[in-house]
Each structure stands twice: as C-alpha cells, then as structure tokens.
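S.K.: Pasting the sequence and the predicted coordinates here, then a few questions.
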There are 2 protein chains.
Amino acid sequence: MTLGFEIIARDGRARAGRLITRRGPVPTPVFMPVATQGAVKAMSPRDVREVGGAMVLANTYHLLLRPGVEVVRELGGLHRFMGWDGPILTDSGGFQVYSLAPLRRIEEEGVIFRSHLDGALVSLTPEEAIAAQQALGSDIMMVLDECPPAGAPRGYLLEALRRDERWARRAIKVWDRASGAGLMGIIQGGVDLELRAMSVELICALGLDGYALGGLSVGEPKQKMWEVIEATVQLLPQDKPVYLMGVGAPEDLVKAVGLGVDMFDCVLPTRMARTGTLLTSTGRINIKNARYARDERPVEMGCGCYTCRNFSRAYLRHLFMSRELLAYTLNTIHNLHYILGLMAGLRRAIEEGNYQAFARDVLESLAQGGAEADQGGWDA
Amino acid sequence: MTLGFEIIARDGRARAGRLITRRGPVPTPVFMPVATQGAVKAMSPRDVREVGGAMVLANTYHLLLRPGVEVVRELGGLHRFMGWDGPILTDSGGFQVYSLAPLRRIEEEGVIFRSHLDGALVSLTPEEAIAAQQALGSDIMMVLDECPPAGAPRGYLLEALRRDERWARRAIKVWDRASGAGLMGIIQGGVDLELRAMSVELICALGLDGYALGGLSVGEPKQKMWEVIEATVQLLPQDKPVYLMGVGAPEDLVKAVGLGVDMFDCVLPTRMARTGTLLTSTGRINIKNARYARDERPVEMGCGCYTCRNFSRAYLRHLFMSRELLAYTLNTIHNLHYILGLMAGLRRAIEEGNYQAFARDVLESLAQGGAEADQGGWDA
C-alpha cells in the first residue's frame, strides 16, 4: 500500500477522515505548513508540532537547486535533514519553475529552466521530478504538470492538460510503490469547466492515490475559482483525498472544506506573519499599527498558543518595529496555531454533523471584522 | 535588602557563589545573555531558559528610545513585557550613548545626545538613568558613568572618573532601596592603573551592591586589558560581586573568572551565531564553509543543546546559505548553550578546587583549534 484514505464522517459535501501515510495517519481536512527550503520559515520542528502541525509541504524545486536532492539523500533523507518525523508532502517542482525561474521552455520531454539562484540551466522531466521526490524521501509525491497562467487560451490549456496526462503516465512508471510513498495527480484546465472535466477523466483514469486541483488562485476572478472547485470536486472519485493547492485564507479554507476538499497548503499564514499581519477569529490585525503600542491584550483573547499565552500586542508590535527576529517566530506561531485550530474545528464540526453552523459562525465572525474595525479599517 | 552576594567556594582568586536578587538566586560566575531591545536576539524566553540562562541584560538606552520606559512600566514592567521571570540587569544607557548616538555632549548635569533612531535630542542624567531602570523594573541597575574611548589622555580620564563619582552619588539619592533592586557602580580610568585605583577608592566608598569594570574591551591592547583587570579586581571589596562588562569570548571568560570576576555580559555568542560562527570546545567553526555541505555531524559531538541533538552541520549550513530565519535561532541556541555550559563548568571546577586544571584544559582545547584546523584554518 502507498497512501490510504478513510472517510470517518460526512456532512453535506464536507468530509472528515484521515490519510494513512507510511509515517502514520493524518486527520483531514488538513492544512500543511509550507517548509519551502526544508524549514517552515522562522519555526523549528518542535514549534510546528506544538501549533498542531501534522504534515508539512516541502518544495522540490528549491531543494533541487539548494542543497541538491542527492545531498539530502546522502544525509538520510529530508525527514532526518530537517528534523521532522511526521509525513512530508512534496510538490513536483513544476509550479516554482513557472513562477520563479527566469527562463523556461516546456517540451514533450519536460521543462528546461534557469535556476533563480545562479542562472544554471536545469531540466526537469516527469521522471526526474519523481526521482527527486523519492531521493528526498517524500511520503506523498505530486506528478509534474504544467500550471498555465490565468487567461491562457483554450487551445493552450487543452494541449497542456493532454501533455499532463502523458507526463503522469511517465511519472507512474518510475514511482517506487514498494517504498510506500503515495503519488497524487493534478487536475488542470484553467477556469473552463469542460476542460476541467476532461482533465479529471484523463488523470483519474490513471488510478493515483489522490487528486489535486492545480492552476487556481493564480490570478483568475475569485468567483471563477469557486465555480471550478465546486464543479471539479464533484467529478473526482469520492474515495480519494482531494487537495486544493496554494489556498489558505481562513474564509477560503472554510468554504473549500464545505465543497469536499481534504488537503491544503499555503504560505499565507507564515508569510503574513513575517509582514506583521496576524490572523484572528474576527479578522486580521496589522501589528505595526500604532494603536497597539500600549495594548496589553494578547493577539486573540483565549488563544492557547505560546505567543498569546505569554506576550501582549504591545510587545509584538515593539519586536516588529525593532526588527527583532523573535517577532517573526512569535507571529508565525500564532498564525499557524490559528489556521491549524480552525482546521481542527472544521473536522470536529463535520464529525458532529455541524459543519453548516460552524462555517456560518466562522465566516460571520471574520466578515464582521471586529479586529479590522478595531484598528481603523486597515486591510492587509 | 537589595542585592546580596554569597561566596560558596574559592579556588585561588576564582570564586563560586551566588547573587541573591529580589527575583531569586543566581549562581556565579554568571554569563548574562544580552536582550538589547527586550529580547535575546532570535530567542524566545523559553529558549533562553532551556540553554541555561538565569539572568539577562537589557539595554536601557534602546528601551528608552523604543518603546519608551514609560510604556514598559504601564505594561507591567520589563519582565512581564518580555515574558522573562528571571532577574534582569539593566545597564545605565551610558555606554550606548557613547557608542551609538551620533551627537552627544557631556556636562556636569548629564549627557545630551541624539537618538540613533529619529535624531531627537534626548538628555540622560544620573537621576534619569536610575528612574528609567526603575521604571523598567530592573533587578540590578547600573549607575550612569562616562566610558572614555581607548587612548583618551590622562587628564580627560581623571576628570571623567571624578565626575563619575559625583554622578554615582546623585544616582544613589534616587535609588529606591525599598524596591529591592540592587545598584552597582562602575570603575573607570582607562588602562592607567593609578587612575583605576583612584576610581576604586572613590566608587567603593559609596557602599554599592557590586562593582563593574567599565571602559575595557574598547580598543585597548589586550595585554593592557588583562593588566587592568588583574590589578583592579584585587582592589575591590572581596564580599561584593565583580562584573566585567562586555567581555564574552570563551577564553576571556575562563581567564577573567580566574582573576576573580563573577559576572559577564557580551553580545559575542549571539552576534557570532547570526553571522554563522559557532563556538565549540575546540574553537570556532564557520558554518558557511563548503566543507560542511555534507557533514552529518552535529556542531559539537556530545553537545546536549536542541540544535546538536536534532540537526547536522550540513542542515545548519543549508539554512544559513538559504537565509532561513531558523538558522539564526538554531545557531544562537548552540552558542549560548556552549557559553552557559562553560560557565557551569567553571563554577563546578571552583567548587571542586579544580579551577586551574579545568581552565588549562579548556584553553588548550580552544587553542589547539581542532575545529579551526578541521575547516582549513579559517578564523572568525
């Protein structure tokens, strides 16, 4: 067996379940903190555990270029390298090739790009993407695909998703199932529902361990994104995990779970933390705001994270204004604790058949914007 | 009572004892990690505890300018503000006025300077320096003095140390002894042993809780520094703690303890950590060095710190090269653990009457430079 998936409870389209990885079970819906370069930014592995992290995502593209996947393998694999003993999902490297690499050429064989670090020409084929993830010791791997930009013409999207299917077949051929690592496919097709349906048909015929929605949150109108998610999730096999890549705003997590999504990753909570934006149940607060200079309250009353248990908004503002490194750690602890707590709340609500009411309360509280109003209407 | 001091054991001139602060006892010799702006850089208070930190130093100058000592007082004092429940020693603010402020004028009344943050004119008198430290809630305060630059002429040094004595008298007048906070004086006089003796006579006549050697490690020849330390410590009252300000290299700590110094603070271990220099019992290693790219050993074999228990040199190098914030935290954990472990070793050796052998072993191991040789003779 590679990657298993059990559904424990359903509530409407929402599901609570668990992924059975070779490194143990992971309750779903799950949010994966992003460890781009083999570290969740500003966090130690024990910090990630403490805030409720069960599984992290690492970026194959970054680790391929630095320190190199062979180095990581020699050192015992990514888990040992980064000191994380929970499951790790790795992306294929494709998304960063399209978003970060200054030059790239997509051919039938694969993609050729220049490293954003030193300009070196690097090739990435579907087979190499799997080999890299296997060298890292990934527990859940992703197939290499193309992520076309928002607004790409239909003909381009069609050609790309057909190539994606051929690439997925090649990826499967080099997948070492005996290792126990899972492999997930990626559905593309832009915001064209017909193309999405075609991609589902092509990719799901391959019998992978789960399916991700790719090519969303890349600049398309938000309404379009939700249409695609809603329509596509219903076409996917009901017994496999569904992964929405790159989405992580609190309100989006709540909605997507309601549409049947099981897995998420996003840099939003960690990146916002580093720019001074803190997530709360009543919206975001900008800790740089002068109104927090003498505010002795924690970021969120009743929050059980290390940051809220020990430090005031005034101290967090002081650290941020003073550019103290501790600011980034404390802010990240809070934001991840908030997001992971939200996911735990969603799981519980689904198990209790209470998703609708829970989601409505969360969304109302976020929209009512107590936190934003509290700091003068500032919006991140 | 304000600040107490008990000597538990002597070995030659070295002493092991404890400071009795209003926030509990602190074993000496003690090294105080520096929390310049109300945070030990890249460390949370629990990290500082875990590496063995018992007491920290905070800089009055920095906190005076940002967030302001009145803000800290309103928020319940520095301990609560920064989440540190151990003792805190604060400096007077003077040293940073001389080293950081772009413009300053020293008069009988006090010193006037421009903030390095916004150019605002700020005055600091001996009374204001105590008031600021009391507002912060400092457990051990320092009197305001002048720290003349290395090479200042004798006449200048003499005038300054005489003014220091008048300033110390004024500081004592506003010292709230009932609060239980201690107050220490500072010995100046450059590298002139006669002037140092005069400063000892003037300052020690005031009956303060302890005495610091100031104006050292400011650019004078190292040999001179040791002459001054050796001669001056012997003139100080034997029943009061002796504090050598701003010295923290491992070999210097070992030597100074042997000369009778009880207290230290220095940014060296934390600052070096942030530039990639790691302290070990066989010397420093530069984690940026390419030779560590595949080195799966911990920074120091047998080290019990979180960093060494969980991560390889290869990973630390990767984090540093990738500018991951976690690099600064993990490096700082190791360096402070090393320094604080060295201090614990010195205390034990003194209690066991074994200081000489312990010191010789430590200095030989450091000088033999296994770690430096190990990485090609690089020297930080």
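M.R.: Perfect, I can see it now.

S.K.: how far away is residue A:202 from chain B?
M.R.: Distance, residue A:202 to chain B, using Cβ to the nearest Cβ, to the nearest Å: 37 Å. C-beta: built from backbone N, CA, C; applies to glycine.

S.K.: what number of residues lie near that residue?
M.R.: 20 (other Cβ atoms under 10 Å in any protein chain shown).

S.K.: what does the one 10 residues further on give?
M.R.: Burial of residue A:212, expressed as a neighbour count using other Cβ under 10 Å, amounts to 28.

S.K.: Repeat that for residue A:364.
M.R.: 10.

S.K.: Assumed it was part of a helix.
M.R.: Yes - under DSSP: H, G, I helix; E, B strand; the rest coil, residue A:364 sits within a helix.

S.K.: For the stretch 1-150 of chain A, just list every one of the helices.
M.R.: Here the stretch 1-150 of chain A has its helices, by DSSP state H, counting those that start in this stretch, at A:45-50, A:60-65, A:69-74, A:78-82, A:94-100, A:126-136.

S.K.: how about those in CSV, adding mean pLDDT, mean neighbour count and distance to residue A:180?
M.R.: Below are the helices of the stretch 1-150 of chain A laid out as CSV (pLDDT from 0 to 100; neighbours: other Cβ atoms under 10 Å in any protein chain shown; distance: least, Cβ to Cβ, whole Å):
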stretch, mean pLDDT, mean neighbour count, distance to residue A:180
helix A:45-50, 98, 18, 22
helix A:60-65, 96, 25, 19
helix A:69-74, 98, 18, 17
helix A:78-82, 98, 23, 13
helix A:94-100, 86, 21, 23
helix A:126-136, 98, 23, 11
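
S.K.: Please tabulate the ones you listed in TSV, including the columns distance to residue B:59.
M.R.: Output for these, formatted as TSV (distance: least, Cβ to Cβ, whole Å):
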stretch	distance to residue B:59
helix A:45-50	27
helix A:60-65	37
helix A:69-74	41
helix A:78-82	35
helix A:94-100	40
helix A:126-136	44
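
S.K.: of all these, which lies closest to residue B:43?
M.R.: Among the helices of the stretch 1-150 of chain A, helix A:45-50 comes nearest to residue B:43, with 12.6 Å by Cβ to Cβ.

S.K.: Counting by contacts, list what that closest one packs against.
M.R.: Contacts defined by 3 or more Cβ pairs under 8 Å, 6 or more residues apart in numbering or on different chains; DSSP states H and E place helix A:45-50 against helix A:325-351.

S.K.: How is the most far-flung residue of chain A relative to its centre assigned, secondary-structure-wise?
M.R.: Each residue of chain A has a distance to the centre, and by Cα atoms, centre = their mean the biggest one is for residue A:294: 35.3 Å. Secondary structure state of residue A:294, per three-state DSSP, is coil.

S.K.: these two touch, right, it and residue A:314?
M.R.: Yes - using Cβ atoms under 8 Å, residue A:294 makes contact with residue A:314 at a distance of 5.6 Å.

S.K.: intersection of neighbour lists for the two?
M.R.: Common contact partners of residue A:294 and residue A:314 (Cβ atoms under 8 Å, 6 or more residues apart in numbering or on different chains): B:71, B:75.

S.K.: In chain A, where is pLDDT below threshold?
M.R.: Along chain A, segments meeting pLDDT under 70 span A:370-380.

S.K.: Go again with 80.
M.R.: Applying pLDDT under 80 to chain A flags the ranges A:103, A:369-380.

S.K.: Would you mind giving the domain segments of it?
M.R.: Using automatic domain parsing, the domains assigned to chain A come out as A:4-266, A:272-374.

S.K.: give me the number of residues near the residue lying closest to residue A:349 once chain neighbours are set aside?
M.R.: Excluding its sequence neighbours, the residue lying closest to residue A:349 (Cβ to Cβ, 6 or more residues apart in numbering or on different chains) is residue A:358, at 3.5 Å. The number of residues packed near residue A:358 is 21, by other Cβ under 10 Å.

S.K.: What residues does chain A have near chain B?
M.R.: A:37-39, A:41-46, A:62, A:66-67, A:71, A:74-76, A:81-83, A:293-294, A:296, A:306, A:310-312, A:314-315, A:317-319, A:321-322, A:324-326, A:328-330 (Cβ under 8 Å from any Cβ of the partner chain).

S.K.: Buried members of these into PyMOL, please.
M.R.: Those of these that count as buried under 16 or more other Cβ atoms under 10 Å in any protein chain shown are selected in PyMOL with:
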select buried, chain A and resi 37+38+39+41+42+43+44+45+62+67+71+75+81+82+83+294+306+310+311+312+314+315+317+318+319+321+322+324+325+326+328+329+330
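
S.K.: Residue of the stretch 51-200 of chain A closest to chain B, please.
M.R.: residue A:83 (4.3 Å; Cβ to the nearest Cβ).

S.K.: Do I have it right that that residue meets residue A:48?
M.R.: No - contact criterion Cβ under 8 Å: residue A:83 and residue A:48 do not qualify, at 10.0 Å.

S.K.: How about the contacts made by the nearest residue to residue A:162 once chain neighbours are set aside?
M.R.: Among residues not flanking residue A:162 along the chain, residue A:202 sits closest, at 7.2 Å (Cβ to Cβ, 6+ apart). Residues near residue A:202 by Cβ under 8 Å, 6+ apart: A:161-162, A:164-165.

S.K.: Now, these that are in strands?
M.R.: Per DSSP state E, strands hold no members of the contacts of residue A:202.

S.K.: of those, buried ones?
M.R.: Buried among those (16+ other Cβ under 10 Å): A:161, A:164-165.

S.K.: just those residues now: which is nearest residue B:341?
M.R.: Looking across those and measuring by Cβ to Cβ, the closest to residue B:341 is residue A:164, at 54.9 Å.

S.K.: Can you name the residues that contact the closest one?
M.R.: A:143, A:145-146, A:186, A:188, A:199, A:202-203.

S.K.: try residue A:368
M.R.: By Cβ under 8 Å, 6+ apart, the neighbours of residue A:368 are A:282-283.

S.K.: How about the contacts made by the closest residue to residue A:152 other than its chain neighbours?
M.R.: Closest residue to residue A:152 apart from its sequence neighbours, by Cβ to Cβ, 6+ apart: residue A:190 at 6.0 Å. By Cβ under 8 Å, 6+ apart, the contact list for residue A:190 reads A:148, A:150, A:152, A:154, A:157, A:196, A:215, A:220.

S.K.: Quick check: beta-bridge partners of the nearest residue to residue A:351 once chain neighbours are set aside?
M.R.: Among residues not flanking residue A:351 along the chain, residue A:9 sits closest, at 4.5 Å (Cβ to Cβ, 6+ apart). Beta-bridge pairing for residue A:9 (DSSP bridges): residue A:16.

S.K.: these two touch, right, residue A:9 and residue A:15?
M.R.: Yes - using Cβ under 8 Å, residue A:9 is in contact with residue A:15, at 7.0 Å.

S.K.: Of these two, give the one with the bigger neighbour count.
M.R.: A count of neighbours by other Cβ under 10 Å puts residue A:15 above the other of residue A:9 and residue A:15, at 23 against 16.

S.K.: these two touch, right, the more buried one and residue A:259?
M.R.: No - judged on Cβ under 8 Å, residue A:15 makes no contact with residue A:259 at a distance of 10.4 Å.

S.K.: How much space separates the residue nearest to the spatial centre of chain A from chain B?
M.R.: Chain A has residue A:265 as the residue nearest its centroid, 1.0 Å off, counting by Cα atoms, centre = their mean. The gap separating residue A:265 from chain B is 18 Å, by Cβ to the nearest Cβ.
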